[in-house]
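Chemist: Quick one: sequence plus predicted model below, questions after.
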Amino acid sequence: MDTSITFASLGLAEPLLRAVHDAGYTHPTPIQAQAIPRVMEGGDLLAAAQTGTGKTAGFTLPILHYLIKNPAASRQAGRPRVLVLTPTRELTAQVEESVRLYSQHTQIRSMVMFGGVNINPQIAALKKPLDILVATPGRLLDHAQQKTLDLSGVEILVLDEADRMLDMGFIHDIRRVLRLLPAKRQNLLFSATFSDEIRSLAQGILRNPGEVSVARRNTTSELVSQQVVMTEQSHKRDLLSHIIRESGWHQVLVFTRTKHGANRLAEKLVKDGLTAAAIHGNKSQAARTKALSGFKDGKVAVLVATDIAARGLDIDQLPQVVNFELPNVPEDYVHRIGRTGRAGSTGSALSLVDSSEIKLLRAIERLTKQTIAPITVEGWNPGAMVTADSAPDAREKRALARLEGDLRGGRQDAGAGRSGSRDGRRRPSSEPRQSQDNRRGDGRRSDARAPGNRPARSGSAAPTARRDARPQGGRPAALLHKAD
């Protein structure tokens, strides 16, 4: 970070500098330092940065600056000047929270809009003057169809977490939204990566865009230590419970592949005496908000989440992430562990890997161009915890032995990482690309997808004493050891 660059040197309006100062920030992150001047110039922009680097303030602050310097002659109800599209409910709420944080010393009015909640309060809110609308595509189109929303006055369009919107199948909804917007507007596209699909989308939306990027494609943060523990699938739940209890972890985000698996794991951890909760697409918005709030303020130690629900969770100084199951798509691993190691803090990512996941592990290592170190867990005696329904058979034991030999010897599995395709970047053909977390009961795309990434915050609601007591990054030296 270049400490010679300050928010004041970027030329932001005084009310915004006051808000930034109130939030405790003086120097912009690299993506903010590059993006803010570009957006203020008025041209289109394609921007990429890893999660946790401050993308949201990178577009929020210059947009607010534009609105301050170019006030509308008269604001109209239900007719926003700025539209920010996000893929998930949680990310939508976080972006709008960022807008409110930085616009606190102005008269700018913002609104959040997403599905899964009663539409009537949103209709009522649209009857008031509006400057910035942050919305998910599905609910936005619902309002447009009911003619409760007028998008003809949009001057700036932002596509946030564009890569995830494409992955969730929102491309058709995005195109429908674009047809409702005026042709003359500024377009900003923010993404975690510059994939071929993102560049194709950008070509259809952006006009002679500037381009900024502060991270190599599909890389993981150097602030996150990564380890893997080889185990049998039947032992994973007991092993995770053991690690959390013996390490004294107070805040850990655990990823599972399925909603049902998230529920079962959270229930198991609660039975073991841990405070745990699950969030996924089948949970109501109220339940998800409650679980996330409890996790942030320290009342819930373990949050078990699917990829759909956890994308973009913004939690200050989250020290631990655990992959209870590796994702089918290697890029999702990068997004998962990006929940920790944010804003200069260190973090730890631990993956529990069984014999069936060795190909997924190899695909992740090839994508990130690094080997993830295998470790052992001190004091772990799976034999003492095996029950009749979890005892591994001889075939599982032989497979685990081969897995351990592969990892220790560094041998590359000949078919590693293909997962049904040549480059390991797609799910097997037997699995639907679109998770059930992303569909509503009527078959339409749902906005029940988790969040994206809010850069500059005033801080977590967690008590300071509790936060200081947490292990801040890295594995507990007394419990986890490098494998021989």
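Modeler: That came through fine. Residues are numbered from 1 along each chain as shown.

Chemist: Might you calculate how far stretch 148-162 sits from the centre of the chain?
Modeler: 22 Å (C-alpha atoms, centre = their mean, to the nearest Å).

Chemist: Could I get the buried residue list for it?
Modeler: 148-151, 153-162 (16 or more other C-beta atoms under 10 Å). The C-beta positions use only the backbone N, C-alpha and C, and glycine is treated the same way.

Chemist: Ends of that stretch, what's the gap?
Modeler: 26 Å (C-alpha to C-alpha, to the nearest Å).

Chemist: Now that stretch: average pLDDT?
Modeler: Averaging pLDDT along stretch 148-162 gives 94.

Chemist: Check stretch 260-279 too.
Modeler: Averaged across stretch 260-279, pLDDT comes to 93.

Chemist: tell me which residues of it are tucked away?
Modeler: For stretch 260-279, a neighbour-count test (16+ other C-beta under 10 Å) marks 261-263, 265-266, 268-269, 272, 274-279 as buried.

Chemist: neighbouring contacts of it?
Modeler: For stretch 260-279, the external contacting residues (C-beta atoms under 8 Å, 6 or more residues apart in numbering) are 237, 240-241, 244-245, 254, 256, 280, 287-288, 290-292, 294-295, 299-306, 309-310, 324-325, 450.

Chemist: just checking, next helix/strand downstream of the host helix or strand of R18?
Modeler: Assigned by DSSP states H and E, R18 falls within helix 14-22. For helix 14-22, the following helix or strand on the C-terminal side (DSSP H and E) is helix 30-41.

Chemist: immediately after that next one, which helix or strand?
Modeler: Downstream of helix 30-41, the next assigned helix or strand under DSSP H and E is strand 45-48.

Chemist: partners of that following strand in the sheet?
Modeler: strand 186-191 (parallel), strand 210-213 (parallel) (DSSP bridges).

Chemist: Would you mind listing where the stretch 251-400 of the chain has pLDDT under the threshold?
Modeler: Applying pLDDT under 70 to the stretch 251-400 of the chain flags residues 308-314, 316, 341-345, 383-400.

Chemist: Tell me where it has helices.
Modeler: Remark: helices assigned in the stretch 251-400 of the chain by DSSP state H, counting those that start in this stretch are 259-271, 285-296, 307-310, 330-337, 358-368, 394-409.

Chemist: Go through the ones you listed and name the closest to Q320.
Modeler: helix 330-337 (10.3 Å; C-beta to C-beta).

Chemist: one step back: could you pick out which of the buried residues of stretch 148-162 are located in helices?
Modeler: Mapping the buried residues of stretch 148-162 onto helices (DSSP state H) picks out A162.

Chemist: Among the buried residues of stretch 148-162, which ones are in strands?
Modeler: I156, L157, V158, L159 (DSSP state E).

Chemist: Save those residues as CSV, and put in distance to A72 too.
Modeler: Shown next, in CSV, are these (distance: C-beta to C-beta, whole Å):
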residue, distance to A72
I156, 13
L157, 17
V158, 18
L159, 23
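
Chemist: just these now: which is nearest T26?
Modeler: Taking C-beta to C-beta as the measure, T26 lies nearest V158 of those, at 25.0 Å.

Chemist: my guess is that closest one contacts F59, does it?
Modeler: Yes. Here V158 reaches F59: they are 5.4 Å apart, a contact under C-beta atoms under 8 Å.

Chemist: now, among the buried residues of stretch 260-279, which is nearest to A73?
Modeler: For the buried residues of stretch 260-279, the nearest to A73 is I279 (43.8 Å; C-beta to C-beta).

Chemist: how near is the closest one to I108?
Modeler: 31 Å (C-beta to C-beta, to the nearest Å).

Chemist: what's the answer for T6, then?
Modeler: 23 Å.

Chemist: of those two, who's got more company?
Modeler: More crowded of T6 and I108, by other C-beta atoms under 10 Å: I108, with 22 against 16.

Chemist: wouldn't the more buried one be in contact with L67 here?
Modeler: Yes. Between I108 and L67 there is a contact at 5.5 Å, judged by C-beta under 8 Å.

Chemist: shared neighbours of those two, which are they?
Modeler: With C-beta under 8 Å, 6+ apart, I108 and L67 have common neighbours D131, I132.

Chemist: In PDB, could you pull the C-alpha coordinates for stretch 130-137?
Modeler: C-alpha atoms of stretch 130-137 as PDB (Å, rounded to 0.1, in the frame of the first residue of the first chain):
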ATOM      1  CA  LEU A 130     -34.400   7.800  -4.300                       C
ATOM      2  CA  ASP A 131     -30.800   8.300  -5.400                       C
ATOM      3  CA  ILE A 132     -29.100   4.900  -5.200                       C
ATOM      4  CA  LEU A 133     -30.800   1.500  -5.500                       C
ATOM      5  CA  VAL A 134     -28.900  -1.700  -4.500                       C
ATOM      6  CA  ALA A 135     -30.800  -4.800  -5.700                       C
ATOM      7  CA  THR A 136     -30.700  -8.400  -6.700                       C
ATOM      8  CA  PRO A 137     -31.800  -9.000 -10.300                       C
END
